[in-house]
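[1] Give the three-dimensional model of this entry:
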Amino acid sequence: MADSALMRIGLNIVSHPEISPMDQTSVNRLICAVRQTNGMLQLLDAEKENPSITLGELQQRFASQFGIDPATKDFAFYNQHQFLTSLLAYLCMPSEKFYGELPEITIDSLVPGWGTEGLFFTGSLKLLVRHLRNSISHGHLSVSPELMFEFRNHESVVVFNHLSLHRFCQALAYWCLTKDIALTKL
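    A predicted model of the protein is given here:
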C-alpha cells in the first residue's frame with residue numbers, strides 16, 4: 001500500500017464501529033494516527049518563531065502533507081489512537097520501572113481521584129497495573145466508538161471509559177513522581 005494511501009486509512013471515528021484487538025488494520029490506523037499527530041507537531045515546531053502564522057495555514061500544510069483535512073468534523077488529533085500511544089508512557093513504562101514499589105492496596109480502597117470507582121476488578125493496584133500493562137503490551141485491547149477501553153489479559157477483562165482511564169493514568173503518573181497514594185496535590 002502506498003504511503004499516502006496508508007496515511008488516509010484514517011481517523012474517521014464515525015465510520016469504524018470498533019477498533020478490533022490490534023489486528024493489522026488497527027495497527028495501521030495507530031501508526032497513521034501517530035504519524036499525523038507527529039506531523040502536526042513538526043509543523044508547529046517549524047513555525048513556533050512565526051507570530052503571523054494562522055491556524056488555517058497550518059491546516060492547509062497538514063492537508064497537503066497528509067491528504068486529509070484536519071478541520072473536518074470527524075477528524076481529531078487527540079483520539080482513541082493517540083490515547084493508546086499515550087498509554088505506553090502512562091502505564092507500560094512506569095510499570096516497568098516502578099512496579100516493585102506499587103502498594104498492595106485494594107482497588108476499592110483507592111481515593112476517588114484514581115478513576116476506579118465502579119471498576120469490576122478484584123485485586124490490588126499492583127495487579128491492575130500489571131493487567132493493563134500486559135493487555136497493552138500484547139495488543140489485547142479494544143476501543144469502542146464511545147471510547148470504552150477494554151483490556152483483556154488471559155480470562156480477565158477490565159473496562160474503563162475514557163474519562164476514568166485518563167484519571168487513572170494521571171493518578172498513576174502522579175504516584176510515580178510523588179509516591180503519594182492519597183493524591184493529596186493532584
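
[2] just the strands in this structure please.
    Using DSSP state E, the strands of the chain run over residues 141-143, 148-153, 156-161.

[3] Contacts for the last one next, please.
    Contacts of strand 156-161 from elsewhere in the structure, counted by CB atoms under 8 Å, 6 or more residues apart in numbering, are 115, 119-121, 128, 131-132, 135, 146-151, 168. (Each C-beta comes from the backbone N, C-alpha and C, glycine too.)

[4] again, but for the second one
    For strand 148-153, the surrounding residues in contact (CB under 8 Å, 6+ apart) are 21, 131-132, 134-136, 138, 140-144, 157-162, 165.

[5] For ChimeraX, what selects the buried ones among these?
    Of the contacts of strand 148-153, the buried ones go into a single ChimeraX selection, burial set by 16 or more other CB atoms under 10 Å:
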select :131,132,134,135,136,140,141,142,143,157,158,159,160,165
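
[6] How many neighbouring residues does P70 have?
    19 (other CB atoms under 10 Å).

[7] same question, the one 5 residues further on
    Neighbouring residues of F75 were enumerated by other CB under 10 Å; the total is 16.

[8] That one contacts F66, doesn't it?
    No: counting by CB atoms under 8 Å, F75 stays clear of F66, with 10.2 Å between them.

[9] will you turn the strands of the chain into JSON lines that also has mean pLDDT and distance to M40?
    Formatted as JSON lines, the strands of the chain follow (pLDDT from 0 to 100; distance: least, CB to CB, whole Å):
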{"stretch": "strand 141-143", "mean pLDDT": "84", "distance to M40": "21"}
{"stretch": "strand 148-153", "mean pLDDT": "90", "distance to M40": "24"}
{"stretch": "strand 156-161", "mean pLDDT": "92", "distance to M40": "26"}
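
[10] and L43, which of the ones you listed is closest to it?
    With CB to CB as the criterion, L43 lies closest to strand 141-143 of the strands of the chain, at 26.6 Å.

[11] how about the nearest residue to G115, chain neighbours excluded?
    Sequence neighbours aside, R167 is the residue nearest to G115 in space, at 3.1 Å (criterion: CB to CB, 6 or more residues apart in numbering).

[12] what sits against the residue lying closest to L147 once chain neighbours are set aside?
    Of all residues not flanking L147 in the chain, H162 sits nearest, at 3.7 Å (CB to CB, 6+ apart). Neighbouring residues of H162 by CB under 8 Å, 6+ apart: Q80, F83, L147, M148, F149.
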